Each structure stands twice: as structure tokens, then as C-alpha cells.
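Novice: prediction below, plus the sequence it came from.
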Amino acid sequence: MNRSIVAVAALACCAPFAAAQGNLYLSVADNIGNEVNGFGPFTDNDLVNVDNGVPLFSLSGGDLDAFHVLANGNYIMSSLFNGDTGTEIFDDGDLVEYNPNTGLIVGNYLGIGNSAFATTGEDITAATTDELGNLYFSTLSDATLNHAGGALSFTDGDIVKVDAATGIASIFVSEADLWDDGDSDVYGLHWMGDGTMLISSNSDEFVNGEFILDGDIFRYDLASGIAVETFFSESSFTDTANSHDVDAIYFAIPAPGSVLAFGALGLIATRRRR
């Protein structure tokens, strides 16, 4: 993929956002020593605020793998094992839309679920949407998705886009372009609306020559293919003796009137993608 070389310039043209307190939520892949910034403990079913440890949402059972809040206020989510919302159980291959006001599942978002894959048992590890409702997701293993345009085969490190208007799926960012070694799973995603995504990985990786821990969340510039900053550091977990994979990510983007420029979060040096 042809990409520009200067990530900082790419971000400079975009509206700035603030890493405001109370806006970042995450879930983790394990249940060992889960405390963030001194708050906790919490489980792999919880989506917690990194500044106070308070859950935005918790499954009653399963392992929360992906989470996003839609424009209508409903949640989309997936679970590594069959998920239990407390009122309903859904399959681990489903990406469900859940109404928090009624406590009921509306259905599978854009029809993405176990029945849409060529083989059963697929797990959705990350999901987010943009302003138009288009879906971006990744899976735990290589998969084939049946969609309005036919069948799309992709790998576990690809980010797949499903067009909300047409139902057509395509590879949005390939595993080969995202990771320097071309081989890692995407564990968390969040669409930032400014040409960047928040991403986490299931393993320590290099992205454009920069080292990313599996407990980090990095901000990825889609135009340049560069990790432009560490948005959340694994060192924020109180228990530093254990590695904590960040699973689901959700960032409540501040309203335009309250936006400030990002602080010094360790801007990563710009490099030409290999």
C-alpha cells in the first residue's frame, strides 16, 4: 500500500482531540491482577474507565472482546465465549447490538455474526464504527465472511470494513501493512474520526519500526501507516508483574466545544514505512 511518510503532518491537518479524563474505556483478556491506575480489581467481562476503574458495561458471563457505542446510544459487542448480558445469551461468533435502556439485544449489527461466516466458531476480537455507521472489525483467526458483495477471505490481523449502506465488505487495513512482521492479531479498535484509529494487539509488536506492547493502545494514522503516539501505556496497570492484553477499546470523543490539543503522550518519530 502506498502511504505518505509524515504522520505528524497528517495529524496536523485534522481537528485535535483531547485525551480528556474519563473518556477512555478498556477491557482486558485475563483475570489476573487487573487494576488500572490503582483502581480495581475488575474482570475480563468489564469495560472500565481507565481514570477511575468504574465499569461502563459488564457482561454477566463470557469475555468481552469488542465494544462500541453507536450514535443511537445502543452498544455493539462480542464475547470470546458465549456472552451473557444478564437477560440474554448470544453466540461467541456474533456481533450483537444491545439496547442498554431495555436490556435487550436488537440483533446482529449489519448482520455480522456466526451465520455470516463460512465456518462456525469465529470470534470477533475488535469492532468500531464511523460517523456513517460503517463497521470496522477483526477476528481471532483467519475467516471468510459472506456479505452482499460475495465472500471475503481475510486473516486474523486484517481490519475489515462493512459498508453500512451496501452491506459490502472489504479489507480496510491488511495485516501485512499494519504490522512490521505481517503477523499479529488486532485485539482492540476505535475509530477516532480524524483519520486515525486506536489499536491494540495480542502480542508485543513493531509498527513502522516502533515497539508496541500488548498492553498498550497506540494511535494509528490511516494515511501514513504510522503509529503516531502511545495513547495508553501498559505501565498504567498496577500489577506490572503480568502482561495485560487490552481487548475491547472505547473512547468517548469529546464534544467539539470541549476539545483541547493532545498533551505530550510520547509522539513517535516519523519514519518511512518499509
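Specialist: Good, I have the coordinates.
Novice: give me the below-cutoff pLDDT ranges for the stretch 101-250 of the chain.
Specialist: 240-242 (pLDDT under 70).
Novice: can you pull out the strands in it?
Specialist: Assigned by DSSP state E, counting those that start in this stretch, the stretch 101-250 of the chain shows strands spanning 104-108, 124-129, 135-139, 143-147, 150-154, 159-162, 169-173, 186-191, 196-201, 205-207, 210-212, 217-221, 226-232, 246-251.
Novice: can you get me the start-to-end distance on stretch 163-174?
Specialist: In stretch 163-174, first residue to last residue: 17 Å (Cα to Cα, to the nearest Å).
Novice: so what's the gap between it and the chain middle?
Specialist: 16 Å (Cα atoms, centre = their mean, to the nearest Å).
Novice: got it, and stretch 31-51?
Specialist: Using Cα atoms, centre = their mean, the offset of stretch 31-51 from its chain centre is 17 Å.
Novice: next one: stretch 95-110
Specialist: With Cα atoms, centre = their mean as the basis, stretch 95-110 stands 18 Å off its chain's centre.
Novice: repeat that for stretch 23-32.
Specialist: 11 Å.
Novice: quick one: mean pLDDT over that stretch.
Specialist: Stretch 23-32 comes out with an average pLDDT of 88.
Novice: C-alpha coordinates for it, CSV please?
Specialist: These are the backbone C-alpha positions of stretch 23-32, laid out as CSV (Å, rounded to 0.1, in the frame of the first residue of the first chain):
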residue,chain,number,x,y,z
ASN,A,23,-13.0,9.3,28.1
LEU,A,24,-11.1,6.1,27.6
TYR,A,25,-12.5,2.7,28.5
LEU,A,26,-11.0,-0.8,28.0
SER,A,27,-11.4,-4.4,28.7
VAL,A,28,-8.6,-7.0,29.2
ALA,A,29,-8.1,-10.5,28.1
ASP,A,30,-7.2,-12.0,31.5
ASN,A,31,-8.4,-12.0,35.1
ILE,A,32,-5.1,-11.8,36.9
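Novice: buried set for that stretch?
Specialist: By neighbour count with 16 or more other Cβ atoms under 10 Å, stretch 23-32 contains the buried residues 23-29. Where you see a C-beta, it was placed from the backbone N, CA and C, and this is true even at glycine.
Novice: among these, name the ones in helices.
Specialist: Using DSSP state H, no member of the buried residues of stretch 23-32 falls within helices.
Novice: of all these, which two lie farthest apart?
Specialist: Farthest apart among these by Cβ to Cβ are Asn23 and Ala29. That separation is 21.9 Å.
Novice: now do the contacts for Asp239.
Specialist: By Cβ atoms under 8 Å, 6 or more residues apart in numbering, the contact list for Asp239 reads 32-35.
Novice: can you tell me how far it is from Leu222?
Specialist: As for Asp239, its distance to Leu222 is 33 Å (criterion: Cβ to Cβ, to the nearest Å).
Novice: which strands and helices sit next to the helix or strand encompassing His68?
Specialist: Using DSSP states H and E, His68 sits within strand 64-69. Judged by 3 or more Cβ pairs under 8 Å, 6 or more residues apart in numbering; DSSP states H and E, strand 64-69 is in contact with strand 24-28, strand 46-49, strand 55-58, strand 75-79, strand 124-129, strand 186-191, strand 246-251.
Novice: go through the ones you listed and name the closest to Gly107.
Specialist: Nearest to Gly107, of all the helices and strands packed on strand 64-69, is strand 75-79, at 10.5 Å by Cβ to Cβ.
Novice: which outside residues touch the closest one?
Specialist: Contact partners of strand 75-79, identified using Cβ under 8 Å, 6+ apart, comprise 57, 59, 62-70, 83, 90, 92, 94-98, 100, 109, 123-125, 127, 129, 248.
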